[in-house]
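Participant: show me how the following folds:
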Amino acid sequence: MRNPRARSWLIIVVGVVLITIGVLAIFRYVQGAIHIHTDLANDYGAAQALRAGQSIYAERNNHPPLAAFFFLPLSFLPYGPALVVWTGLSLLLYVLVIGTVGRTLDIHVPQSWVILLCGLALIWYPFLAHIALGQFSLVLAACLILGWRALRRGRAGWAGVLFGVATALKLFPGLVAVTLLARRRWRALGVMIITTLFGLLLPLAFIPAGDFIRYFGEVAPQNAAQYAVFPVNHAISGVISRLFVSGPWIMPIVDAPWLASVLIAGLSLLVVGLLAWSAWRLPETPQGIDVAWSLTCVAMLLVSPITWQHAFTVLILPLGVLLRVWLDSPTSNLRKLGLLVFTLLALPDVELARALMALSLPERMPWWQSFLPAAGAAALVLLWLLLVRHSDLTKTTQVAS
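Facilitator: A predicted model of the protein is given here:
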């Protein structure tokens, strides 16, 4: 479209339509969550059990003990109002995370594009999956991104506290310690370790020691083993398990669990090693910090035993870094590959998996079909490569600290 004014109005109209669709989708998912068993229902039930002095793992609950303590305030409300409150808090955290990344990276786009980006953010499937499940991945994203900003501002202590809270809530953010170690951020690393230990041990003051032992010795290992082969596990473990582990959903190439274990361990160590090397060699500048922590966000999702799509909300930082690089040095390839990453991350994985499994009934889904609903794994790898490819621009990109 040659007329810039007409193009701007078209972008605004599309943005408004997307915002409307996003708001309606949020209402729909909240209404649905009231009638189905969600992750929030698990945490809400665990918090109520905690208040009653009962085992937080008597019912289905796969989350760490601190999660029950975290949701304790909501357990004083009826479940419906608690769900509404949590949805509102999630939306506020989403705005906080996006706003923090945009301001810190000094991202400026035309007003019409702001409206379009708001619409895209509201209909982004990882966010909607987060709302539908009542998850707390946005809490992790907020801790990680606010911790990154604190490091940029020289506030290592606050960064360590935030990283420690994220790790205590969900163990996979613990990979942050590798980056802190590689970049010799000793104070942040020390505070993170202390905060993590405090967060992990805090529930012992309120729950039976047996629940604490049960989570780490039984619940967490069983959850990882059961759902590693799930069609929408986007981690390295999910990709490899679909190829070499027989499960109830997918027919693998060959049933060789030992081979899967070797490959998962080897590839995970490779990712951790590449992360440590990249974090060590990137310059100690705001731009170097941006890329180092973007790679950390990607790596933690790859090496986690299970990565569901709602966890992609922690990728707002690396996606923001790519947008910043493109605004400074626009290239056709970067734009196309960045859009491909965003699209693959946004595919409705659960719906795709259900449709493909239905096509294969009464047999299990063949392994080659299982990679479409888990295309997010390919997006993670491509995002990593784009960040590494453009990390040399950190020496010249002017980004406000």
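Participant: what number of residues lie near Leu197?
Facilitator: 13 (other Cβ atoms under 10 Å). (Glycine included, C-beta is placed from N, CA and C.)
Participant: for it, which three-state class applies?
Facilitator: Here Leu197 is helix, with the state taken from DSSP: H, G, I helix; E, B strand; the rest coil.
Participant: switch to numbering from 447
Facilitator: Sounds good: first residue 447 from here, last item Leu643.
Participant: and it, how far is that from Phe618?
Facilitator: With distances taken as Cβ to Cβ, to the nearest Å, Leu643 is found 17 Å from Phe618.
Participant: do Ile710 as well
Facilitator: When Cβ to Cβ is applied, the distance between Ile710 and Phe618 equals 14 Å.
Participant: all helices of the stretch 447-596 of the chain, in order?
Facilitator: With DSSP state H, counting those that start in this stretch as the criterion, the stretch 447-596 of the chain has helices at 450-481, 485-497, 511-516, 525-550, 557-569, 571-579, 583-598.
Participant: figure out which of those is closest to Ala671.
Facilitator: helix 485-497 (18.7 Å; Cβ to Cβ).
Participant: what sits closest to Ser750 if chain neighbours are left out?
Facilitator: The shortest distance from Ser750 to any residue other than its chain neighbours is 3.9 Å, reached at Phe618 (Cβ to Cβ, 6 or more residues apart in numbering).
Participant: what's the burial count for the closest residue to Pro694 other than its chain neighbours?
Facilitator: Once its chain neighbours are removed from consideration, Pro694 has its nearest residue in Arg810; the separation is 7.3 Å (Cβ to Cβ, 6+ apart). Other residues within reach of Arg810 by the criterion other Cβ under 10 Å amount to 17.
Participant: and Arg810, what does it touch?
Facilitator: Residues touching Arg810, when contacts are defined by Cβ atoms under 8 Å, 6 or more residues apart in numbering, comprise 693-697, 803.
Participant: now flag whichever of those residues is closest to Ile480.
Facilitator: The shortest approach to Ile480 among the contacts of Arg810 belongs to Met803, at 26.4 Å (Cβ to Cβ).
Participant: what is the helix or strand harbouring the closest one packed up against?
Facilitator: Taking DSSP states H and E as the criterion, Met803 maps to helix 795-806. Judged by 3 or more Cβ pairs under 8 Å, 6 or more residues apart in numbering; DSSP states H and E, the packing partners of helix 795-806 are strand 811-812.
Participant: which secondary structure elements does the strand it packs on contact?
Facilitator: Secondary structure elements in contact with strand 811-812, counted by 3+ Cβ pairs under 8 Å, 6+ apart, are strand 696-697, helix 795-806.
Participant: touching that strand from outside, list them.
Facilitator: Counting by Cβ under 8 Å, 6+ apart, the neighbours of strand 811-812 from elsewhere in the structure are 677, 695-697, 799, 802-803, 806.
Participant: just stretch 465-483 next, same as before
Facilitator: Everything outside stretch 465-483 that qualifies as a contact, by Cβ under 8 Å, 6+ apart, is 486, 506, 525-526, 529-530, 533, 537, 561, 564-565, 567-569, 574, 577-580.
Participant: put the buried members of these into a ChimeraX selection.
Facilitator: Listed next is the ChimeraX selection for buried residues among the contacts of stretch 465-483, using 16 or more other Cβ atoms under 10 Å:
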select :486,525,529,533,537,561,564,565,567,568,569,574,577,578,579,580
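Participant: and among the helices and strands packed on strand 811-812, the most buried is which?
Facilitator: Mean neighbours per residue, mean count of other Cβ atoms under 10 Å, is largest over the helices and strands packed on strand 811-812 for strand 696-697, with a mean of 20.
Participant: give me the pLDDT for Ala821.
Facilitator: Ala821 is assigned a predicted lDDT (pLDDT) of 87.
Participant: give me the neighbour count for it.
Facilitator: By other Cβ under 10 Å, 17 other residues sit near Ala821.
Participant: distance-wise, check it relative to Leu786.
Facilitator: When Cβ to Cβ is the yardstick, Ala821 and Leu786 sit 10 Å from each other.
Participant: also Phe522?
Facilitator: The separation that Phe522 has from Leu786, given Cβ to Cβ, amounts to 45 Å.
Participant: compare neighbour counts for those two and give me the winner.
Facilitator: Just comparing Phe522 and Leu786: by other Cβ under 10 Å the higher neighbour count belongs to Leu786, 15 against 10.
Participant: nearest residue to that one in space, please, no chain neighbours.
Facilitator: Distance criterion Cβ to Cβ, 6+ apart; nearest residue to Leu786, sequence neighbours excluded, is Leu828 at 6.9 Å.
Participant: buried residues in the helix or strand harbouring the one you found?
Facilitator: Secondary structure assigned from DSSP H and E places Leu828 in helix 822-835. With burial defined by 16+ other Cβ under 10 Å, the residues of helix 822-835 counted as buried are 822-830, 832-833.
Participant: one more: stretch 601-617?
Facilitator: For stretch 601-617, the neighbour count (16+ other Cβ under 10 Å) marks 601-602, 604-617 as buried.
Participant: other residues contacting stretch 525-540?
Facilitator: Applying Cβ under 8 Å, 6+ apart, the set of residues contacting stretch 525-540 from outside is 472, 476, 479-480, 486-487, 490, 520-521, 523, 567, 573, 576-577, 580, 584-585, 587-588, 759.
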